[in-house]
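In: Show me how the following folds:
(one chain, ligands or ions: 1)
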Amino acid sequence: MTDRLWWEKAVVYQIYPRSFQDTNGDGIGDLAGIERRLDHFVDLGIDAIWISPIYPSPMVDFGYDVSDYTGVHPMFGTLEDFDRLIAAAHARGLKLLLDFVPNHSSDQHPWFLESRSSRDNPKRDWYIWRDAASDGGPPNNWISDFGGSAWQWDGTTGQYYYHAMLVEQPDLNWRDPGLKAAMLDAMRFWYDRGVDGFRVDILWHMIKAAGFPDNPLNPAWTPGMADMHRVLQLHSTDQPEIHGLAAEMRALADSYGDRLLVGEIYLPLDRLMAYYGSPASPGVQLPFNFQLIDAPWDARGLHDLVAAYEAALPAGGWPNWVLGNHDRPRAAARLGQAQARVAAMLLLTLRGTPTIYYGDEIGIGTVDIPPDRVADPRELREPGLGFGRDPVRTPMAWDGSAHAGFTTGDPWLPLHADWRSRNVAAERQDSASSLSLHRDLLRLRRAHPALAVGDMTMIDTEGQILAYERHHEGERAIVLLNLGSIEATVGLPKDFVCVGALSTIDPSPLPRVGSHFITLKADEGLLLLDKFS
Ligand code: NOJ
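Out: Okay, the predicted model is just below:
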């Protein structure tokens with residue numbers, strides 16, 4: 001495995017910093033809290049942490065509205081706290097990725113305050129300003145991802161500005177050389193402080209069609225769907241020039257050595273793959289692959305999805321997989337606890353770099369947010385449609401003490417109802433817990449190159465069984481996942497000699513593994529190894 005790049009072998013863990021660990025009693029997590037919990041990652045077997053935005057921000061979109069790209073929000077701590085955190089992470093062999101938000105800033109960023117101050121301000125073109133349409137309305141029909149027109153009238157200078165997200169998040173104009181240089185400098189600032197890379201927020205939005213033509217109407221839109229889906233984002237996203245920008249960001253990362261860029265991109269497979277770039281002009285190393293989040297939980301469908309993703313990868317493109325993040329429903333809420341364990345086995349044994357979302361390792365599921373605690377701007381703007389993101393951003397549970405050890409104050413969002421038993425300390429004592437399953441899977445992944453970096457062959461099966469083999473230099477592993485709720489018998493390759501097994505539900509599955517067949521229990525995932533450690 002020594003010839004592999006660190007991020008090919010790595011397991012990444014996403015931290016939502018507001019909810020990870022509070023140390024000053026304000027009910028919101030902070031950098032000192034992350035530092036305090038670094039040994040959690042070591043225990044679990046994580047290689048890299050990605051921290052959602054920690055920059056100064058009015059927090060209208062909880063940090064994705066940045067008002068200073070080279071600072072730390074006082075709520076999270078100071079630059080000195082950050083330096084201490086990264087030193088402590090590196091001392092433990094952990095890599096640290098920050099979240100970079102290049103598409104838009106906060107409307108309180110000094111750049112925007114200057115830009116909106118007059119039409120001839122030097123920073124006017126750092127943002128996207130357009131005249132009104134002939135009827136005085138917005139320049140085109142583009143719709144914000146949070147609903148409503150994506151254009152906001154600004155009376156001072158008599159033009160509209162564009163905001164793909166909230167009104168408080170004006171889009172930056174990456175076609176302006178000054179803006180581009182300033183943003184690349186911000187990345188340099190963090191590379192110089194030692195960060196090992198960035199997750200790049202909504203990378204596919206960064207460049208819009210130059211003429212700002214109307215987007216086509218979406219014939220499939222019906223009431224109940226989010227307002228943004230009234231149009232197809234044909235001209236507002238995924239423009240050809242984005243690949244040149246991604247290549248520039250990559251060249252900067254490469255100039256520092258082996259730094260990693262992970263791109264947030266929600267696009268169909270063929271268009272997603274373009275973000276790897278080409279050998280002559282590489283893009284981001286890992287364009288996030290979100291397919292498992294949306295896919296129906298069906299073995300045949302997932303078999304085809306994995307095969308299609310593998311087949312679509314460009315030569316040299318390394319795969320990656322994700323089950324959840326701070327924007328999408330949690331795996332255990334979507335699938336239930338038993339299948340969330342099967343999903344964890346899938347995530348951590350597929351070929352490619354997995355990203356685990358904080359709290360999924362302890363199996364946080366559905367969390368009810370009382371109406372008076374709703375904080376997410378998406379839910380506040382389009383209430384009741386089920387897009388609210390608060391339920392996936394609730395505090396991490398560490399132990400059975402008050403507020404699960406997250407804070408000594410009042411947590412900014414409520415905890416999951418079962419936190420007294422579903423917390424790190426309790427699950428550490430229980431070999432059948434979700435935490436123990438994650439730890440066991442990660443230990444095996446580390447010990448077996450077949451799992452970490454090996455090739456993958458899909459195995460044909462029937463019904464609700466998803467199966468594949470991983471192999472590397474003579475070592476083999478077989479993964480059998482029962483996505484259904486009835487037991488099923490699976491044939492094993494004739495020449496496979498199983499000496500070790502890990503089940504998502506059975507503490508000692510080995511006696512059941514016959515020489516040619518095994519019966520999987522309902523909702524069971526099984527990892528079979530021809531070597532064990
Ligand atoms: C994507 C982020 O993941 C999401 O949380 C945020 O609201 C939007 N980008 C806007 O930055």
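In: show me what contacts the residue of the chain found nearest the ligand?
Out: Going by Cβ to the nearest ligand atom, the ligand is nearest to residue 64 of the chain, at 3.3 Å. The way it works is simple: take the backbone N, C-alpha and C, and place the C-beta from them, glycine included. Contact analysis of residue 64 by Cβ atoms under 8 Å, 6 or more residues apart in numbering lists 53, 57, 101, 165, 169, 201.
In: Doesn't the fourth one belong to a helix?
Out: No: assigned with DSSP: H, G, I helix; E, B strand; the rest coil, residue 165 falls outside any helix and is coil.
In: isn't it right up against residue 106?
Out: No: here residue 165 does not reach residue 106: they are 10.6 Å apart, not a contact under Cβ atoms under 8 Å.
In: Which one's more surrounded, these two?
Out: residue 106 (27 against 24; other Cβ atoms under 10 Å).
In: Pretty sure the more buried one sits in a strand.
Out: No: in this structure, residue 106 is coil, not part of a strand, as judged by three-state DSSP.
In: Next up, phi/psi of it, please.
Out: When quoted as degrees, to the nearest 10, the phi and psi of residue 106 stand at phi -80, psi 150.
In: How confident is the prediction for residue 511, by pLDDT?
Out: pLDDT recorded at residue 511 is 88.
In: show me what contacts it?
Out: Counting by Cβ under 8 Å, 6+ apart, residue 511 has no contacts.
In: quick one: it from residue 421, how far?
Out: Separation of residue 511 from residue 421 (Cβ to Cβ, to the nearest Å): 30 Å.
In: and if you look at residue 480?
Out: 29 Å.
In: could I get the contacts of residue 64 as CSV with distance to residue 79, pLDDT and secondary structure?
Out: Shown next, in CSV, are the contacts of residue 64 (distance: Cβ to Cβ, whole Å; pLDDT from 0 to 100; DSSP: H, G, I helix; E, B strand; the rest coil):
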residue, distance to residue 79, pLDDT, secondary structure
53, 15, 98, coil
57, 15, 98, coil
101, 18, 98, coil
165, 26, 98, coil
169, 24, 98, coil
201, 21, 98, coil
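In: The ligand next: which of these are close?
Out: 101, 165, 201 (Cβ under 6 Å from any ligand atom).
In: doesn't residue 264 make contact with the last one?
Out: Same thing as residue 201. Yes: with contacts counted by Cβ under 8 Å, residue 201 reaches residue 264, the gap being 5.5 Å.
In: quick check, nearest of the ones next to the ligand among the contacts of residue 64 to residue 260?
Out: residue 201 (15.1 Å; Cβ to Cβ).
In: Just give me the neighbour total for that closest one.
Out: 20.
In: Close to the ligand: what parts of the stretch 51-200 of the chain are there?
Out: 61, 64, 101, 165.
In: ok so residue 351 is a strand residue?
Out: No: with three-state DSSP as the criterion, residue 351 is located in coil rather than a strand.
In: Up against the ligand, what does the stretch 251-400 of the chain have?
Out: Residues of the stretch 251-400 of the chain lying near the ligand (Cβ under 6 Å from any ligand atom): 264, 326-327.
In: Can I have the buried ones of the residues you listed as a ChimeraX selection?
Out: The following ChimeraX line selects those of those that are buried, judged by 16 or more other Cβ atoms under 10 Å:
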select :264,326,327
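In: pLDDT at the residue nearest the centre of the chain, what is it?
Out: Taking Cα atoms, centre = their mean, the centroid of the chain lies closest to residue 325, which sits 4.7 Å from it. At residue 325, the model reports a pLDDT of 98.
In: ok, for it, nearest residue in space, not its chain neighbours?
Out: Among residues not flanking residue 325 along the chain, residue 357 sits closest, at 5.4 Å (Cβ to Cβ, 6 or more residues apart in numbering).
In: ok, that neighbour to residue 110 distance?
Out: 33 Å.
In: cool, residue 289 as well?
Out: Relative to residue 110, and taking Cβ to Cβ, residue 289 is found at 36 Å.
In: what ranges do the helices span in the stretch 201-350 of the chain?
Out: 242-255, 269-273, 291-294, 299-312, 331-335, 337-349 (DSSP state H, counting those that start in this stretch).
In: my guess is residue 303 meets residue 458, correct?
Out: Yes: with contact defined as Cβ under 8 Å, residue 303 reaches residue 458; the gap is 6.1 Å.
In: Looking at those two, which is more packed in?
Out: residue 303 (18 against 14).
In: What does residue 154 show for phi and psi?
Out: Phi and psi for residue 154, reported as degrees, to the nearest 10, are phi -120, psi 110.
In: Does it touch residue 161 like I think?
Out: Yes: look at residue 154 against residue 161 with Cβ under 8 Å: they come within range, at 5.9 Å.
In: which neighbours do the two share?
Out: 116, 129.
In: more crowded one of those two?
Out: Between residue 154 and residue 161, residue 161 has the larger neighbour count (other Cβ under 10 Å), namely 21 against 16.
In: wait, the more buried one sits on residue 152?
Out: Yes: at 5.6 Å, residue 161 and residue 152 qualify as touching, with contact defined as Cβ under 8 Å.
In: any idea how far residue 65 lies from residue 262?
Out: In terms of Cβ to Cβ, residue 65 sits 21 Å off from residue 262.
In: and if you look at residue 367?
Out: To residue 262, residue 367 is 26 Å away according to Cβ to Cβ.
In: Tell me which of these two has more neighbours.
Out: Shown here are residue 367 and residue 262; by other Cβ under 10 Å, residue 262 has more neighbours (26 against 21).
In: Now do the same contact list for the more buried one.
Out: Listed by Cβ under 8 Å, 6+ apart, the contact partners of residue 262 are 12, 50, 97, 197-200, 284-288, 320, 355.
In: Columns pLDDT on top of the residues you listed, output as CSV?
Out: Output for the contacts of residue 262, formatted as CSV (pLDDT from 0 to 100):
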residue, pLDDT
12, 98
50, 98
97, 99
197, 98
198, 99
199, 98
200, 98
284, 98
285, 98
286, 98
287, 98
288, 98
320, 98
355, 98
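In: Pull out the buried residues from the helix or strand hosting residue 190.
Out: For residue 190, the host element (DSSP states H and E) is helix 177-192. For helix 177-192, the neighbour count (16+ other Cβ under 10 Å) marks 179-180, 182-184, 186-187, 190-191 as buried.
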